[in-house]
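Asks: sharing a model prediction with you, sequence too.
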There are 4 protein chains.
Amino acid sequence: MEKEVFDMAGILKEQLDNPFINSLGLEVLEASVWHSKGRIPFKEDLLNPFGSMHGGVLYSLADIVSGIAAQMSGSICVTLSGSLSFLRPAIDTEYIYCEAKALRDGEHTLVYNVEISDDKGTLLDSGSFTFFKTGRAIS
Amino acid sequence: MEKEVFDMAGILKEQLDNPFINSLGLEVLEASVWHSKGRIPFKEDLLNPFGSMHGGVLYSLADIVSGIAAQMSGSICVTLSGSLSFLRPAIDTEYIYCEAKALRDGEHTLVYNVEISDDKGTLLDSGSFTFFKTGRAIS
Amino acid sequence: MEKEVFDMAGILKEQLDNPFINSLGLEVLEASVWHSKGRIPFKEDLLNPFGSMHGGVLYSLADIVSGIAAQMSGSICVTLSGSLSFLRPAIDTEYIYCEAKALRDGEHTLVYNVEISDDKGTLLDSGSFTFFKTGRAIS
Amino acid sequence: MEKEVFDMAGILKEQLDNPFINSLGLEVLEASVWHSKGRIPFKEDLLNPFGSMHGGVLYSLADIVSGIAAQMSGSICVTLSGSLSFLRPAIDTEYIYCEAKALRDGEHTLVYNVEISDDKGTLLDSGSFTFFKTGRAIS
């Protein structure tokens, strides 16, 4: 079902070649301003002390996946704010998936709904991220 | 000004000896239900592609520091939700500090205001985290 | 398309017969724990100084509609927190609609996604509300 | 302790002479970009079915008080998003107070921390509001 459709040669790829993002093992599965999707493997060094994926890792995933969508606008975008509700623990899955859908692509701001789910498609976390378009072109 | 007052022998210390938390280089500076403080070093492998501390790292810091306070209630606490507003980029500092202050310590929930700042005390990020007290004792 | 399916004799009806809720002109169109829907008329005395529906009115609508769903759990529920992103101004419509969908119906908490839209179905606002189940039965 | 320092002749006063705002009985006590304060009377027609101030009323108060501060920037500002945590019920008080403090006054956005309290100064609600500066002058 999943395929790697992301291949904006160079630009975003370079952005994503970043030590922190690499430490999460992120794979981008889809990327456009209106919809993006990514996943990270469920791995030991990303867990919280209770054995489920750390909330900070899940938030990072959501910020990065929605941020990729935002950069697809062509403008460098910065996160203004982001919130996440933790609905169910992220356990017992091979990957953790995140989808971001744009609710508004405005002149200056972009608002995304984000949903995080496991291999079975169970919704684990839900939130919202807002970006500001700096107007400077990505290059 | 800062000192390590955190020494609840074993319990929380063990929780914090976690690969993800260790990867952030977290130091706990104060810890009580009503007020906790921690810091992480500004280091290359925690930056975003623009050269400032990654938003996901800042959120992780806030989640962990407020979570430590929550666990000090004696009950295992889980994060219900957390939001963060990114006010200024975290750059040009040796450490990133986070303080969590309880706004309410209820029978079932704990609400914290979190503030992230740099070496000079400039406010970088502000947010709110809500925890649910499971009622199971920490052990 | 819309019909009044809400008729839990008495109980919630009585709750909704409240001066503030009446001042909004709320009509409940659907009500269950997992999904509720309501609408208010676009009327002059609910506008902000710029001529669109006041943000506080829209938030009230979202709080009430998701709160009705929460009460359908049979437990008296109180709002822990709620956030709303204002995407587009609410203008030029006869009614303002709000739908709440439960993302989680837990033992102690309920989390809803809320969406506010106009007559044409254009998404105007999006947010999230979290309720605590007090465990006291509604009566 | 409280005094009416708000007297930007005409402009904001006119904005505040609005049916919805009037229905809340709002009084502005302080108003500047960095800090604003207002109050509303605790009155029957603003209560929820449980006898405390309705969450939608409290949010409206927070939106208006922080919005007044935002307009003091001289630019027409629109609310991008706002969240509120309900900590304690608003009961048994003559007035409900709201203070908004700017966390950032940026070129394009303004972020406020808001706190709602009762006559005794007990913190009832806490939240955050973000505004976008349209750049159009208030007139």
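Replies: Ah, there it is.
Asks: from the middle of its chain, how far away would stretch A:112-123 be?
Replies: Distance, stretch centre to chain centre, for stretch A:112-123: 11 Å (CA atoms, centre = their mean, to the nearest Å).
Asks: and what of stretch A:22-32?
Replies: For stretch A:22-32, the distance to the chain centre is 7 Å (CA atoms, centre = their mean).
Asks: in it, what's buried?
Replies: A:23, A:24, A:26, A:27, A:28, A:29, A:30, A:31 (16 or more other CB atoms under 10 Å in any protein chain shown). In this view, the C-beta of every residue, glycine as well, is placed from N, C-alpha and C.
Asks: contact partners for residue A:96?
Replies: Residue A:96 makes contact with A:39, A:40, A:41, A:42, A:53, A:58, A:61, A:90, A:116, A:117, A:118, A:124 under the criterion CB atoms under 8 Å, 6 or more residues apart in numbering or on different chains.
Asks: elements contacting the strand or helix carrying residue A:85?
Replies: With elements taken from DSSP states H and E, the one containing residue A:85 is strand A:75-86. The helices and strands touching strand A:75-86, judged by 3 or more CB pairs under 8 Å, 6 or more residues apart in numbering or on different chains; DSSP states H and E, are helix A:55-71, strand A:109-117, strand A:123-137, helix B:55-71, strand B:75-86, strand C:123-137, strand D:75-86, strand D:123-137.
Asks: most surrounded residue in the contacts of residue A:96?
Replies: When the contacts of residue A:96 are compared by neighbour count (other CB atoms under 10 Å in any protein chain shown), residue A:58 ends up highest, at 29 neighbours.
Asks: quick one: that residue from residue A:115, how far?
Replies: Distance, residue A:58 to residue A:115, by CB to CB, to the nearest Å: 11 Å.
Asks: residues that sit against both of those two, list them.
Replies: Joint contacts of residue A:58 and residue A:115 (CB under 8 Å, 6+ apart) are residue A:125.
Asks: looking at chain A, which helix or strand is least sure?
Replies: Sorting the helices and strands of chain A by mean pLDDT, DSSP states H and E puts helix A:11-16 at the bottom, at a mean of 80.
Asks: got a list of what the closest residue to residue A:95 other than its chain neighbours touches?
Replies: Residue nearest to residue A:95 in three dimensions, not counting chain neighbours: residue A:39, with 4.4 Å by CB to CB, 6 or more residues apart in numbering or on different chains. Residues near residue A:39 by CB under 8 Å, 6+ apart: A:2, A:26, A:27, A:29, A:95, A:96, A:97, A:98.
Asks: take these and lay them out in a markdown table including secondary structure.
Replies: What follows is those, written out as a markdown table (DSSP: H, G, I helix; E, B strand; the rest coil):
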| residue | secondary structure |
| --- | --- |
| A:2 | coil |
| A:26 | coil |
| A:27 | strand |
| A:29 | strand |
| A:95 | strand |
| A:96 | strand |
| A:97 | strand |
| A:98 | strand |
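Asks: and of the residues you listed, the nearest to chain C?
Replies: residue A:98 (15.0 Å; CB to the nearest CB).
Asks: could you give the number of residues near residue A:49?
Replies: When neighbours are counted by other CB under 10 Å, residue A:49 comes out with 18.
Asks: would you confirm that it contacts residue B:16?
Replies: Yes: at 7.5 Å, residue A:49 counts as touching residue B:16 under the criterion of CB atoms under 8 Å.
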